[in-house]
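Got a predicted structure here, sequence first:
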Amino acid sequence: MGMVAIFGAGVMGETLLSGLLRAGRPPGDLLITERRADRAAELTEKYGVRAVGNVEAATEADTLVLVVKPQDMAALLDEISPHVADGNLVVSLAAGITTEFLESRLAEGRSVVRVMPNTPALVDEGMAAVSAGRHCVPEQLQHAIELLAATGKVTEVPESQLDAVTAISGSGPAYIFYVVEAMIEAGVVLGMPRATATELVTQTLYGAATMLRDTGQHPTVLREQVTSPGGTTAAALRELDDHKVRAAFISAMEAAAIRSRELSGG
């Protein structure tokens, strides 16, 4: 796979770096670039990887992983473009930056892959979606998928679906945390200490998610198993339906997808 350079060692950059090292990639195969000298020194000491300048990283690396803020992307591409060789792979994790934009700032024919990651990558439970650019061959896309698999699951989607991916898995952890907050609050209202409510809700969420993943059963089937006729769950679900919670989720995620499209200039 050759040398991998991670441009921008913020939270997601460091997450990918530590994931690759845990997955068995030697530190000598990894480079990082980071504007802040103290941050670069901290990561060099912590992980044993080299921190170099953007140009040096682009010259040495076979795979260039761009994890800078979207507003910094144009300047970075202009700086590294002359040093990205034919056959190199450019992988972008910046929200809203299209493969077309990346290709337009690089030399003709360069291979790019666009990624929408999410924050559970921090605990190796990420859900990343990848889309290949026009010149990316299947082996290169596979290489990008293997890189990202160090921090969770990866799926390939057409780029036209990335706004929906952003609304579902990109922003999705926030909706889950929002529901968890509400359930904890309900526990407190019902007279339970906050710490106990938090433990109950967190483990319930983890358990429910694990059932979904491990049983492969449809969520409706799992929900009906909990919902006995005339019981407590049925009473609660009726309230959720009365408040149009399902419709609110759909509207919320539509709004996220629309905002994603706006931010990417679509």
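Structure received.

buried stuff in stretch 100-119?
Buried residues in stretch 100-119, counted by 16 or more other Cβ atoms under 10 Å: 101-103, 105-106, 110-119. The way it works is simple: take the backbone N, C-alpha and C, and place the C-beta from them, glycine included.

typo on my end, it should be stretch 128-147
Across stretch 128-147, burial judged by 16+ other Cβ under 10 Å covers 128-133, 136, 140-141, 143-145, 147.

Kindly report the same for stretch 16-35.
By neighbour count with 16+ other Cβ under 10 Å, stretch 16-35 contains the buried residues 16-21, 25, 29-34.

before we move on, what about stretch 59-74?
Neighbour counts over stretch 59-74 (16+ other Cβ under 10 Å) mark 59-61, 63-68, 73 as buried.

now stretch 242-251
By neighbour count on 16+ other Cβ under 10 Å, the buried set for stretch 242-251 is empty.

list the helices and strands the helix or strand hosting Ala128 packs on?
Using DSSP states H and E, Ala128 maps to strand 126-132. Judged by 3 or more Cβ pairs under 8 Å, 6 or more residues apart in numbering; DSSP states H and E, the packing partners of strand 126-132 are strand 111-116, helix 138-148, strand 152-156, helix 162-165.

just the helices in the stretch 101-250 of the chain please.
138-148, 162-165, 172-189, 194-215, 219-226, 232-242, 245-263 (DSSP state H, counting those that start in this stretch).

roughly how far apart are the residue sitting furthest away from the middle of the chain and Arg238?
The C-alpha centroid of the chain is most remote from Gly230, which lies 40.7 Å away (Cα atoms, centre = their mean). Using Cβ to Cβ, to the nearest Å, one gets 11 Å for the distance from Gly230 to Arg238.

So Ile184 sits against Thr204, correct?
No: applying Cβ atoms under 8 Å, one finds Ile184 not in contact with Thr204, separated by 10.8 Å.

And those two? Which one has more around it.
Higher neighbour count among Ile184 and Thr204: Ile184, with 20 against 12, using other Cβ atoms under 10 Å.

Give me the nearest residue to the residue nearest in space to the middle of the chain, chain neighbours excluded.
Central residue of the chain (Cα atoms, centre = their mean): Pro117, 1.5 Å from the mean position. Residue nearest to Pro117 in three dimensions, not counting chain neighbours: Ala128, with 4.7 Å by Cβ to Cβ, 6 or more residues apart in numbering.

who's in contact with the one you found?
Contacts for Ala128 (Cβ atoms under 8 Å, 6 or more residues apart in numbering) come out as 115-118, 121, 148, 151-155.

Low-confidence stretches in the stretch 151-266 of the chain?
Within the stretch 151-266 of the chain, the stretches with pLDDT under 70 are 266.

at 90 instead, please
For the stretch 151-266 of the chain, the stretches with pLDDT under 90 are 263-266.

coming back round to it: specify the beta-bridge partners of the residue nearest to Pro117.
With DSSP bridges as the criterion, Ala128 is bridged to Val154.

quick check: domain ranges of this structure?
As recorded under automatic domain parsing, the domains making up the chain are 4-162, 170-263.
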